[in-house]
Every structure is written in C-alpha cells, then in structure tokens.
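K.L.:
Make a model of this:
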Amino acid sequence: MKRSEVNRLIVNAIEFIENMNFKLPPFAYWSAEDWEKKGHEYDEIRDNLLGWDITDFGSGDFRNIGLFLFTIRNGNLNNNKYIKSYAEKILIVEEEQVTPFHFHWNKMEDIINRGGGNLLIQLYNSTEEEEFSDTPVVVSVDGRMITEKPGTIICLTPGESITLPVGMYHKFWGEKGTGKVLVGEVSMVNDDFTDNRFYESGGRFSEIKEDVAPLYLLGNEYPSAK
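P.N.:
Numbers count the residues shown, from 1 in each chain. This is a model prediction of the structure:
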C-alpha cells in the first residue's frame, strides 16, 4: 500500500468515526513529530501496538480484501510489565470488503456491530489439522446460544454482537447496500504476530511504500523512546 492511500484512509476513518459519535483517545492524533518527543511513559502504547492499523492481508487489493482498525487497549502475552488480560479495538468494514477466514489459538473475542450497515460473518469450526470442520457451529449471539450448520452466515445488525471462541474460523464483510460498518472488538489479549491462523496464506501487516510523508504513524511504526 502507498502511504498516500494510508493517509487518505485514516482521514476518511476519522470523519466516519466522529459521525458515529465514537471518540478515540488523544494519541490517535499525534503526528510523527509528536512521537519523537514522547518518552518511556508511553511505552504501553508502543509495546502493545495501540493505534492505527491498516491491512490488505497481502492481497494488494485493500478495497476488496482488507480491514481498517484502531487498537484502543491491549495487554501483552510476552511482557509481564503489562497486566491487562483484555483488548479493545474499533474496526471499519466497507460493503463487500472481506476479512479472510482465520481463527485464533488463544484469543476469544466479541465482535460488535457499533453502527452503520450490517455485518455478515461466516463460521466454521476447525479440525485438529486446522481445516474446516463439518460439525455444527455453536455460538452466543447477544447471550443467546444458537446452533447452525457449518459455513453458516450470520447477519449482525447495528447493536448486535457475537462471541467467537478460540479455534473458530471466521470471515466477515459489510452487507451490500447497507453502508460501511463500525465494528467493535472486545477480546482477550491480542497478539497479531503469533495468534492468527489464516486459512489461506497472506500477510497481516502491509508493506508501505513511502510516496508522501505520514499524517499519523501506524501502531507498528512508533520510534523508540529516547
């Protein structure tokens, strides 16, 4: 992805998030120059990759296969300095923009439609060989346990949520004709380096081509404290 595209996506995201009356923390708006002045008191943001996160999953086609995220809070499975056992993100999903099939070995999560359009999510259990299982899918949707056939697609309208246990394959996208979706994620600690099992190979963090200066740094781009 080009940095100019990243900049444009963040500007558009800020407008959408504000229109949805959701408020981001102050560090969302710090520039690269601001970050150069931030000391070790902000290491929790650096070490736990809080902040902006944009990925095309290695597709080179963000509009169709991609996801826009902002990590608000997170713990760290590899650093006992951080005691949080939970994470929270806000996501933006465009109509028919796919986040590909994946599951997590350690992270259980709630996916919440915070507003906008409808979110479609397709589910499979995984086998010991990490393939799609032909067993029924059992999930909690806003506290109601439901059992569906493998590969079922569940529609979450604004305000609705689903709990995804560890090991459950899920793919999601915005329903066509309903508008982009503001999605919340509340989960156990998030580790994008070791806890994502994608069904098809692809990258989690996109390579950025620097055609212009960044408006804001991504969560994996912060300079170390001096």
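K.L.:
mind listing what the residue nearest the centre of the chain touches?
P.N.:
The residue lying closest to the centre of the chain (Cα atoms, centre = their mean) is L69, at 4.7 Å. Counting by Cβ atoms under 8 Å, 6 or more residues apart in numbering, L69 touches 52-55, 89-92. From N, CA and C alone the C-beta is placed, and that goes for glycine too.
K.L.:
any idea how far it is from T99?
P.N.:
Distance of L69 to T99, computed by Cβ to Cβ, to the nearest Å: 10 Å.
K.L.:
Read off the pLDDT value for R204.
P.N.:
The per-residue pLDDT reported for R204 equals 68.
K.L.:
What strand or helix carries the residue nearest to the centre of the chain?
P.N.:
Taking DSSP states H and E as the definition, L69 sits inside strand 67-73.
K.L.:
Which parts of the protein are strands?
P.N.:
Shown for the chain, the strands assigned by DSSP state E span residues 51-55, 67-73, 86-93, 99-103, 109-116, 119-125, 137-141, 144-148, 153-156, 161-164, 168-174, 181-188, 197-198.
K.L.:
Could you save those as a markdown table and add columns showing distance to K209 and mean pLDDT?
P.N.:
Converted to a markdown table, the strands of the chain look like this (distance: least, Cβ to Cβ, whole Å; pLDDT from 0 to 100):
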| stretch | distance to K209 | mean pLDDT |
| --- | --- | --- |
| strand 51-55 | 13 | 96 |
| strand 67-73 | 18 | 98 |
| strand 86-93 | 22 | 98 |
| strand 99-103 | 22 | 97 |
| strand 109-116 | 30 | 98 |
| strand 119-125 | 30 | 98 |
| strand 137-141 | 39 | 98 |
| strand 144-148 | 42 | 98 |
| strand 153-156 | 34 | 98 |
| strand 161-164 | 33 | 98 |
| strand 168-174 | 26 | 98 |
| strand 181-188 | 27 | 98 |
| strand 197-198 | 23 | 94 |
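K.L.:
Same list, those, but as CSV with distance to E33 please.
P.N.:
Shown next, in CSV, are the strands of the chain (distance: least, Cβ to Cβ, whole Å):
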stretch, distance to E33
strand 51-55, 16
strand 67-73, 20
strand 86-93, 25
strand 99-103, 32
strand 109-116, 31
strand 119-125, 36
strand 137-141, 45
strand 144-148, 49
strand 153-156, 39
strand 161-164, 38
strand 168-174, 35
strand 181-188, 29
strand 197-198, 35
